[in-house]
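Student: model the structure of this input:
(one chain, ligands or ions: 1)
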Amino acid sequence: MISDLIVVGGGASGFMGAITAVSSGLKSVIILEGTTKVLEKVRISGGGRCNITNSCGDVSNLVNNYPRGEKQLKGLFSRFSTKEAFDWFQERGLKLKVEKDGRVFPLSDSSNEVITCLSELARNAGIKVFTDLHVQQISNTNIGFTLVAKGNKTFNAKNILLCTGSHPSGRKLAKSLGHSIISPVPSLFSFCTTTANLQSCSGVSINAHIKLLVNKKKYSETGPILITHLGFSGPAILRLSAFAARTLHANKYLAELRVNWLCMNENDVRSKINLYKQENGRKIVFKSKPFECLPKSLWKALLLSINIDKQLKWADLSRSDKECIVKSLTQKCYSIKSRGPYGDEFVTAGGIPLQEVNFKTMESKICKGLFFAGEVMDIDGITGGFNFQHCWTSGWIAGKGIYSNSSN
Ligand SMILES: Cc1cc2nc3c(=O)[nH]c(=O)nc-3n(C[C@H](O)[C@H](O)[C@H](O)COP(=O)(O)OP(=O)(O)OC[C@H]3O[C@@H](n4cnc5c(N)ncnc54)[C@H](O)[C@@H]3O)c2cc1C
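Tutor: Here you go, the predicted structure:
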């Protein structure tokens, strides 16, 4: 028997691709999942809540959230974007909510509802889903493809949709069919620093302006950063890590992070300190601070790092010590020595090179009948629901593309 389509990989993009192909008119569709559970990343995503997409609707703003794939996604989003994904799920019974920062979650705050929704849609569409069938080999035949899965089980298909996420086997399968591969590197990770005295501030979250210098390249962001027991995390750090992913990897994750803890310019900080000094001369510098927004533990850590005397009064603060405080607040340098063990969200940069994919259909330009969707390609986004959005978009376009390929 030969199927119209075999989807390799039962993740977000695979389900979207399979469901769209059937709803467009394709008849026999199979999903082969290598592990014992489908949609496992959906389950663990967003801390179990699944940040399914983002409310950002303007395509030119939306694509700025993708360090790789920005150009190609512009075209893809003009066909199926965040609004279409939102409506697609709502119309299929999954109630969604938008949080203040634009992230979209199931109303129930449970990723299981996303899994139930996609699984039921697949079942109702007659899609056969097989688990524990890791695909080991795909070869071209005169009628399409033959796949060999775990236990030497063979399947035949006219089309293949490769949706293996960041798993190395997907890249290996694509390579065996003639594709080149951009070597994978991690994206979205926290930073470890060698600076010791920040540990007392672990858990502090603050809006900061940050600059990353990696081997003469500069990256900057403004937004929330979180001090951890190892260094830094939080949305602005994860965003930096994504945009600098390749450079950081090439430089063995050695970098310098410069933090402006107040998002203020030096002159304004200096003026505020001068005024505070005048009005609070009898107070102890360690115990009273001119900046409300700065947590006490961080203020103390910064003073300790520049050896300010713990008993010093504001009136006795020397000009040079004052300048050191200004510098610490506006351009404090931290040596980054490695990446953290886990990010809040973890994706891989790299995979199928984008110039080898036809983005009108998601079909390979190298191997006819082979299609791609999701993280297997060299496309990745930052945190905020952008990675799943790319899966829904590329899965949907692949589903349509495979149908039109088969009906021609
Ligand atoms: C902890 C965590 C939290 C995340 N939270 C979010 C979030 O809230 N919002 C967001 O937008 N993104 C989030 N992401 C990123 C998001 O999960 C991924 O971008 C997305 O799952 C990629 O989907 P995919 O379909 O391309 O691949 P995957 O979801 O990885 O699915 C690929 C599937 O293919 C299977 N497979 C691989 N090789 C084979 C083979 N040879 N044969 C058969 N099956 C195979 C795998 O077992 C897997 O089930 C998170 C990631 C992690 C790790």
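
Student: only C-alpha atoms from now on, for both contacts and neighbour counts.
Tutor: Fine.

Student: SS state for Leu262?
Tutor: What DSSP: H, G, I helix; E, B strand; the rest coil gives for Leu262 is coil.

Student: what sits against the residue lying closest to it once chain neighbours are set aside?
Tutor: Sequence neighbours aside, Ala208 is the residue nearest to Leu262 in space, at 6.0 Å (criterion: Cα to Cα, 6 or more residues apart in numbering). Contact analysis of Ala208 by Cα atoms under 8 Å, 6 or more residues apart in numbering lists Thr222, Gly223, Pro224, Ile225, Val259, Asn260, Trp261, Leu262, Cys263.

Student: phi, psi of the last one?
Tutor: When read as degrees, to the nearest 10, the backbone of Cys263 gives phi 50, psi 40.

Student: correct me if wrong: it contacts His209.
Tutor: Yes - look at Cys263 against His209 with Cα atoms under 8 Å: they come within range, at 5.3 Å.

Student: list residues touching both of the two?
Tutor: Thr222.

Student: these two: which is more packed in?
Tutor: Each of Cys263 and His209 has its neighbours counted (other Cα atoms under 10 Å); His209 has more, 21 against 17.

Student: the more buried one belongs to a strand?
Tutor: Yes - counting by three-state DSSP, His209 is part of a strand.

Student: pretty sure it contacts Asn260?
Tutor: Yes - with contact defined as Cα under 8 Å, His209 reaches Asn260; the gap is 5.0 Å.

Student: assign a three-state SS to Leu226, would you?
Tutor: strand.

Student: any buried residues in the longest helix anywhere in the chain, and which?
Tutor: In the chain, taking DSSP state H as the definition, the longest helix is helix 386-407. Across helix 386-407, burial judged by 16 or more other Cα atoms under 10 Å covers 386-403.

Student: what is the mean pLDDT for that helix?
Tutor: For helix 386-407, mean pLDDT rounds to 95.

Student: show the buried residues in the contacts of Ala208.
Tutor: Members of the contacts of Ala208 classed as buried by 16+ other Cα under 10 Å are Thr222, Pro224, Ile225, Val259, Asn260, Trp261, Leu262, Cys263.

Student: any chance of those residues in TSV, plus distance to the ligand?
Tutor: Listed next are the buried ones among the contacts of Ala208 as TSV, based on distance: Cα to the nearest ligand atom, whole Å:
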residue	distance to the ligand
Thr222	21
Pro224	18
Ile225	18
Val259	27
Asn260	28
Trp261	28
Leu262	29
Cys263	28
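
Student: closest to Val114 among those residues?
Tutor: Pro224 (28.3 Å; Cα to Cα).

Student: how is the protein carved up into domains?
Tutor: 2-186+348-407, 189-344 (automatic domain parsing).

Student: among those, which is the most enclosed?
Tutor: Ranked by mean neighbour count under mean count of other Cα atoms under 10 Å, the domains of the chain are led by domain 2-186+348-407, which reaches a mean of 20.

Student: ends of it, what's the gap?
Tutor: Its start and end residues considered, domain 2-186+348-407 measures 16 Å (Cα to Cα, to the nearest Å).

Student: show me where the stretch 51-200 of the chain has strands.
Tutor: 53-54, 96-98, 103-106, 128-130, 135-141, 144-149, 153-162, 182-187, 191-193 (DSSP state E, counting those that start in this stretch).

Student: and Ala349, which of those is closest to it?
Tutor: strand 182-187 (5.3 Å).

Student: near the ligand, which residues of the stretch 101-250 of the chain?
Tutor: For the stretch 101-250 of the chain, the residues in contact with the ligand (Cα under 6 Å from any ligand atom) are His134, Val135, Gln136, Cys163, Thr164, Gly165, Ser166, His167, Ser169, Gly170.

Student: wait, isn't the third one in contact with Val148?
Tutor: So that's Gln136. Yes - contact criterion Cα under 8 Å: Gln136 and Val148 qualify, at 5.7 Å.

Student: residue contacts, Tyr66?
Tutor: Contacts of Tyr66 by Cα under 8 Å, 6+ apart are Ile379, Asp380, Gly381, Ile382, Phe386.

Student: of all the residues in the stretch 51-200 of the chain, which one is nearest the ligand?
Tutor: Residue nearest to the ligand within the stretch 51-200 of the chain: Gly165 (3.2 Å; Cα to the nearest ligand atom).

Student: you'd agree that residue is up against Asp378?
Tutor: No - if you go by Cα under 8 Å, Gly165 and Asp378 don't touch, sitting 10.4 Å apart.

Student: just the contacts of Tyr66 that are near the ligand?
Tutor: Among these, the ligand is touched by Phe386 when using Cα under 6 Å from any ligand atom.

Student: show me the contacts of Tyr66 that map onto helices.
Tutor: Reading helices off these with DSSP H, I get Phe386.

Student: returning to what we had before: who does the residue nearest to Leu262 form a beta bridge with?
Tutor: Gly223 (DSSP bridges).

Student: quick check, pLDDT for it.
Tutor: 98.

Student: okay, and the beta partners of the nearest residue to Gly384 once chain neighbours are set aside?
Tutor: Of all residues not flanking Gly384 in the chain, Arg103 sits nearest, at 5.6 Å (Cα to Cα, 6+ apart). Arg103 has these beta-bridge partners by DSSP bridges: Asn54.

Student: list the contacts for Arg103?
Tutor: Contacts of Arg103 (Cα under 8 Å, 6+ apart): Asn51, Ile52, Thr53, Asn54, Ser55, Gly384, Gly385.

Student: restrict the residues you listed to those near the ligand?
Tutor: Near the ligand, by the rule Cα under 6 Å from any ligand atom, you find Asn51, Ile52, Gly385 out of the contacts of Arg103.

Student: the second one against His390, yeah?
Tutor: No - in terms of Cα under 8 Å, Ile52 does not count as a neighbour of His390; the distance is 10.3 Å.

Student: about what we covered before: could you dump the ones next to the ligand among the contacts of Arg103 into CSV with distance to Lys296 added?
Tutor: As requested, the ones next to the ligand among the contacts of Arg103 are exported to CSV (distance: Cα to Cα, whole Å):
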residue, distance to Lys296
Asn51, 33
Ile52, 36
Gly385, 33
